[in-house]
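Asks: Attaching a predicted model along with its sequence, questions to come.
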There are 2 protein chains.
Amino acid sequence: MSITHPEIKEKRYRTSRILEDNDAIHLSVDCVIFGYDDDGLKVLLMESDMSEFRGKLSLVGDILQKNETLRQSAEKTLLSCSNLDNVYLEQVEAFSKIKRHPIGRVITIAYYSLLKISEHEITDKKQRMLRWVAIDEIEEMAFDHKEILDKCYATLQQKVRDYPIGFNLLPSKFSLKQLQEFYETVLCIKLDRRNFRRKLNSLDILIDLNKNQDDVAHLPAKLYSFNYAKYEKMIKKESFRFDI
Amino acid sequence: MSITHPEIKEKRYRTSRILEDNDAIHLSVDCVIFGYDDDGLKVLLMESDMSEFRGKLSLVGDILQKNETLRQSAEKTLLSCSNLDNVYLEQVEAFSKIKRHPIGRVITIAYYSLLKISEHEITDKKQRMLRWVAIDEIEEMAFDHKEILDKCYATLQQKVRDYPIGFNLLPSKFSLKQLQEFYETVLCIKLDRRNFRRKLNSLDILIDLNKNQDDVAHLPAKLYSFNYAKYEKMIKKESFRFDI
DNA sequence: ACAAAAGTGTTGACGATACACCCATGC
DNA sequence: GCATGGGTGTATCGTCAACACTTTTGT
């Protein structure tokens, strides 16, 4: 790979940090940032800044710095996209195919993160082209990022069935219908309304806010919030499975 | 950290490869090799070759080479311990605490592996002090290896409940009692014999070998093997959960 | 004959599924 | 008054848990 080729020069500029040592193995952290609103499940993506992938969508991420852990790097990436910290964040897998990055050997650790779109304004600090893309509209991506996204989505689906992490994606006040729609959307399934409500009732982890929707052209639904404290106690006691 | 100190010299010698560039972040792959026999669940460990951890137990692993994937590195480590390849191997997590390795910044990716102790002779190719250690006798370990082991064991337990990966640990011919003991040992639970047998019967993934134990001082048990082909078909059809 | 483990059935409780009608609100 | 979505109950089925006695073999 000649360093005099103009495309390579561009790459050298944009990703200079990882080119300091051509023989080394480099490490990056990529984030699959899932967001949810009434339109469905979306992922925060940027347009790739590499000429090989011009126009292609890419995950947000960064090269790992020497004085930070993988999680800290992911948190920095989150902060660079939106002003919020304290969002749900979980490591998924390391991807290490030899040729996955065109300019050298880069191994990436994937994290996924969950947030409520309506409550987190995107304020990109790195002049990237960030935008929310509906999960089922994402086709080709830069690098092996589609593979990473697919793996993270599968992990999210698994996790959502076993633990109530969906409450990181839903607004803090929600109706049972919204909750059901969330599960139907994320898991791509249909649920029976009455059975779903009975299930949630028996789990006893919602707080009845004694409030109703307003401004809706029909019977206003009751609003609930998630009882984190109660849930924490439950998982400590036994082999608890949320099991939606 | 002075390089003239004799202990440091020893470390430099033994781990010379990862000291070539003191400023870089280095990558290793560590393997939690689980083995099982009638005595229970064990892990293949070595005595640490680092003076800081003299006498402490350590996972086996290696520095990642530039021309190999993480999985290939793990497979190489497995081959260096025992002549077998084609063993169950799965990535678990990357560990990246800043001070986890005394001689520099080393991030490690943990894999766990499953094998039948009786069918895999240990033939160490690197003159380490390898031995099988019962899982409940492992206390202190070198580096953060205890933390890594604990995480891998938790992952194994989770996985064993959902998928029949236990058949990688059991002998290829086994009795229902052996199978039940396996689940009881690995999951640290007690199971009802009749309910367990009914469960396995209903799953219909065992092959009745029409053979019995011999040389036992009691009614000889029937022997079974696992029907991999049938299981593969099952998981493709629906949302299958083994659910022991 | 005895010790040791193999093998076998029934019941009751609970949770999952399937399904249809009335109610409150905004327009 | 009508369109829209909210809210509720019951019957059936399958699955899980609890439980004790008889059989076969080697010594």
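Replies: Happy to help now that I have it. Keep in mind that this is a model prediction, so the values were computed, not measured.
Asks: can we go C-alpha only for contacts and neighbour counts from here?
Replies: Will do.
Asks: Count the residues that sit near residue A:174.
Replies: Taking other C-alpha atoms under 10 Å in any protein chain shown as the neighbour definition, residue A:174 ends up with a count of 19.
Asks: Low-confidence stretches in chain A?
Replies: Filtered on pLDDT under 70, chain A yields the residue ranges A:1-22, A:237-239.
Asks: who in it is up against DNA strand C?
Replies: Within chain A, the positions adjacent to DNA strand C are A:192, A:194-195, A:199, A:214-220, A:243 by C-alpha under 7 Å from any atom of the strand.
Asks: cutoff 6 Å now
Replies: Taking C-alpha under 6 Å from any atom of the strand as the criterion, the neighbours of DNA strand C within chain A are A:194-195, A:199, A:215-220.
Asks: Which residue comes closest to residue A:29 once chain neighbours are left out?
Replies: Take residue A:29 and drop its neighbours on the chain: the residue closest to it by C-alpha to C-alpha, 6 or more residues apart in numbering or on different chains is residue A:109, 4.8 Å away.
Asks: Can I get the helix or strand containing the one you found in CSV? Just the C-alpha atoms.
Replies: Here residue A:109 is covered by strand A:106-116, with elements defined by DSSP states H and E. Extracted as CSV, the C-alpha positions of strand A:106-116 are listed here (Å, rounded to 0.1, in the frame of the first residue of the first chain):
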residue,chain,number,x,y,z
VAL,A,106,-7.2,-2.6,13.7
ILE,A,107,-9.2,-4.7,16.2
THR,A,108,-12.3,-3.2,17.5
ILE,A,109,-14.3,-3.8,20.6
ALA,A,110,-18.0,-3.2,20.1
TYR,A,111,-20.3,-1.7,22.7
TYR,A,112,-24.0,-1.0,22.5
SER,A,113,-25.8,1.8,24.2
LEU,A,114,-29.5,2.5,24.7
LEU,A,115,-31.2,5.9,24.9
LYS,A,116,-34.5,7.6,24.6
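Asks: Sheet partners, orientation included, of that strand?
Replies: Each strand pairing with strand A:106-116, determined using DSSP bridges, is listed with its direction: strand A:26-37 (parallel), strand A:88-95 (antiparallel).
Asks: now these in CSV, with distance to residue B:88 and mean neighbour count?
Replies: Written out in CSV, the entries for the strands paired with strand A:106-116 read as follows (distance: least, C-alpha to C-alpha, whole Å; neighbours: other C-alpha atoms under 10 Å in any protein chain shown):
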stretch, distance to residue B:88, mean neighbour count
strand A:26-37, 26, 24
strand A:88-95, 17, 19
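Asks: between the ones you listed, which gets nearest to residue A:81?
Replies: The closest of those to residue A:81 is strand A:26-37. By C-alpha to C-alpha, the value is 9.8 Å.
Asks: what are the ranges of the helices in chain A?
Replies: Assigned by DSSP state H, the helices in chain A fall at A:6-14, A:70-81, A:145-162, A:176-187, A:193-203, A:228-237.
Asks: Tell me the spacing between residue A:120 and residue A:35.
Replies: When distances are taken as C-alpha to C-alpha, to the nearest Å, residue A:120 and residue A:35 turn out to be 9 Å apart.
Asks: what does residue A:156 give?
Replies: From residue A:156 across to residue A:35, the span is 12 Å (C-alpha to C-alpha).
Asks: How about residue A:187?
Replies: The span separating residue A:187 from residue A:35 equals 15 Å under the rule C-alpha to C-alpha.
Asks: so residue A:62 sits right up against residue A:77, yeah?
Replies: Yes. Under the criterion of C-alpha atoms under 8 Å, residue A:62 is in contact with residue A:77, at a separation of 6.9 Å.
Asks: Let me know how buried residue A:141 is, in neighbour terms.
Replies: Counted with other C-alpha under 10 Å, the neighbours of residue A:141 add up to 19.
Asks: what's near enough to touch it?
Replies: The contact partners of residue A:141, by C-alpha atoms under 8 Å, 6 or more residues apart in numbering or on different chains, come to A:56-58.
Asks: nearest residue to it other than its sequence neighbours?
Replies: Counting by C-alpha to C-alpha, 6+ apart, the nearest residue to residue A:141 once its immediate chain neighbours are dropped is residue A:57, at 4.8 Å.
Asks: got the contact list for the one you found?
Replies: Contact partners of residue A:57, counting by C-alpha under 8 Å, 6+ apart, are A:45-48, A:140-142.
Asks: From the residues you listed, list just the buried residues.
Replies: Taking 16 or more other C-alpha atoms under 10 Å in any protein chain shown as the criterion, what is buried in the contacts of residue A:57 is A:45-48, A:141-142.
Asks: can I get the residues you listed in CSV with distance to residue B:95?
Replies: CSV is the format used below for these (distance: C-alpha to C-alpha, whole Å):
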residue, distance to residue B:95
A:45, 26
A:46, 27
A:47, 30
A:48, 28
A:141, 28
A:142, 26
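Asks: Among these, name the ones in strands.
Replies: Secondary structure assignment (DSSP state E) places A:45-47 from the buried ones among the contacts of residue A:57 within strands.
Asks: Within range of DNA strand D, give me the residues from chain A.
Replies: Listed as neighbours of DNA strand D in chain A under the rule C-alpha under 6 Å from any atom of the strand: A:176-177, A:194-195, A:217-222.
Asks: 7 Å instead, please
Replies: Residues of chain A that fall close to DNA strand D, judged by C-alpha under 7 Å from any atom of the strand: A:175-177, A:193-195, A:197, A:217-222.
Asks: Only whichever of those residues are buried, select them in ChimeraX.
Replies: This is how ChimeraX selects the buried members of these, with burial counted by 16+ other C-alpha under 10 Å:
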select /A:175,176,197,221,222
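Asks: Identify the residues contacting residue A:212.
Replies: Residues counted as contacts of residue A:212 (C-alpha under 8 Å, 6+ apart) are A:220-223.
Asks: Any idea what it is bridged to?
Replies: Legend: beta-bridge partners of residue A:212 under DSSP bridges are residue A:222.
Asks: Residue A:201 versus that one, what's the distance?
Replies: According to C-alpha to C-alpha, residue A:212 stands 18 Å off from residue A:201.
Asks: and if you look at residue A:107?
Replies: According to C-alpha to C-alpha, residue A:107 stands 45 Å off from residue A:201.
Asks: domain parsing for chain A?
Replies: A:6-162, A:172-237 (automatic domain parsing).
Asks: Could you give the separation of the first one from the chain centroid?
Replies: Averaging C-alpha positions (C-alpha atoms, centre = their mean, to the nearest Å) puts domain A:6-162 9 Å from its chain's average.
Asks: and residue A:47, bridged to which residues?
Replies: Partner residues in beta bridges with residue A:47, using DSSP bridges, are residue A:57.
Asks: can you tell me which residues contact it?
Replies: For residue A:47, the set of contacting residues under the criterion of C-alpha under 8 Å, 6+ apart consists of A:54-58, A:128-130.
Asks: Provide a list of residues in contact with residue A:208.
Replies: Contacts here follow C-alpha under 8 Å, 6+ apart; on that basis residue A:208 touches A:222-225.
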